[in-house]
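Visitor: quick one, fold the following:
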Amino acid sequence: MQQQPTPTREPGEVQRPGYAGLVPVIIAVTAFVFVVLPGIFMIATPHPHGTRYDDPPLVEDFELARTDGSAFRLSELRGKVVVVYFGYTSCPDVCPATLYDLRRALEQLGDQAQDVEVVFITIDPAVDTPEKIEQYLGYFNPTFIGLTGTPEQLRTAQDIFGVRVLRADEGQTIPGYAITHTTSMFVIDREGYLKLRMHHQTDVELLARDLRYVIRGRL
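Guide: Have a look, this model is predicted:
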């Protein structure tokens, strides 16, 4: 049987693999670029459940009164994440449900809850005395800040957040409710920018997750 001659290489010549050997490498690189990388970016990019402000405005400062009678300014909370909610103590359903959800969300945050301040602003100052507000918030979380003020001061705060308040005695609200109002929660970051509008009945886990995004500066 005639033996086939063995190919020889000149000195210094490098043997190059055929194109067939590169196919698995090309497939792997392509998969990484078009499948793995987008997945990594999807995980790294926050996707809040609440409505995100594309061009977050710096929230205008305002002054109201705390339940102990001392003056409150929003700018005092700079450095904290602030959740602002407008409601009233005789609200039959939405307000207590929202405050309870906020309480549970802070519980899920654990130690990070110390970076969050919840501010409750009454929309019914004629009925909601400072004592009543303080007692009401105590049912949910005594650290929640309760605020009141003159009708003009409260209207200024409402306008800053675009909050609407409709009253039955003025023929504006829906039947069965003395007051109808915007039920959203407004989330402000540590620098004072309005980042999220959280909707009523948001799942507590989603609410806590969105607050973590803002706490960590990812929004």
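Visitor: hey, let's count contacts and neighbours off CA atoms from now on
Guide: Noted.
Visitor: what ranges does this structure have for its helices?
Guide: Assigned by DSSP state H, the helices in the chain fall at 23-31, 37-44, 94-109, 130-138, 151-161, 204-215.
Visitor: and the contacts of the longest one?
Guide: This points to helix 94-109. Helix 94-109 is contacted by residues 87-89, 113, 140-141, 183, 200-201, 204-205, 207-208, 212 when judged by CA atoms under 8 Å, 6 or more residues apart in numbering.
Visitor: quick check, nearest of the residues you listed to residue 168?
Guide: Checking the contacts of helix 94-109 against residue 168 by CA to CA gives residue 88 as the nearest, at 14.3 Å.
Visitor: OK, contacts around that closest one?
Guide: Contacts of residue 88 by CA under 8 Å, 6+ apart are 95, 121, 122, 123, 124, 128.
Visitor: let's see that with 10 Å instead.
Guide: By CA atoms under 10 Å, 6 or more residues apart in numbering, the contact set of residue 88 is 94-96, 120-125, 127-128, 133, 136, 179, 181.
Visitor: save the contacts of helix 94-109 as TSV, and put in distance to residue 107 too.
Guide: Shown next, in TSV, are the contacts of helix 94-109 (distance: CA to CA, whole Å):
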residue	distance to residue 107
87	22
88	23
89	23
113	7
140	12
141	10
183	22
200	18
201	17
204	10
205	10
207	11
208	9
212	12
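Visitor: okay, these in JSON lines with pLDDT and distance to residue 148 next?
Guide: JSON lines is the format used below for the contacts of helix 94-109 (pLDDT from 0 to 100; distance: CA to CA, whole Å):
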{"residue": "87", "pLDDT": "96", "distance to residue 148": "11"}
{"residue": "88", "pLDDT": "96", "distance to residue 148": "10"}
{"residue": "89", "pLDDT": "96", "distance to residue 148": "12"}
{"residue": "113", "pLDDT": "97", "distance to residue 148": "24"}
{"residue": "140", "pLDDT": "97", "distance to residue 148": "18"}
{"residue": "141", "pLDDT": "97", "distance to residue 148": "18"}
{"residue": "183", "pLDDT": "94", "distance to residue 148": "17"}
{"residue": "200", "pLDDT": "87", "distance to residue 148": "22"}
{"residue": "201", "pLDDT": "88", "distance to residue 148": "25"}
{"residue": "204", "pLDDT": "96", "distance to residue 148": "27"}
{"residue": "205", "pLDDT": "96", "distance to residue 148": "30"}
{"residue": "207", "pLDDT": "96", "distance to residue 148": "26"}
{"residue": "208", "pLDDT": "96", "distance to residue 148": "27"}
{"residue": "212", "pLDDT": "97", "distance to residue 148": "28"}
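Visitor: no more questions from me, cheers.
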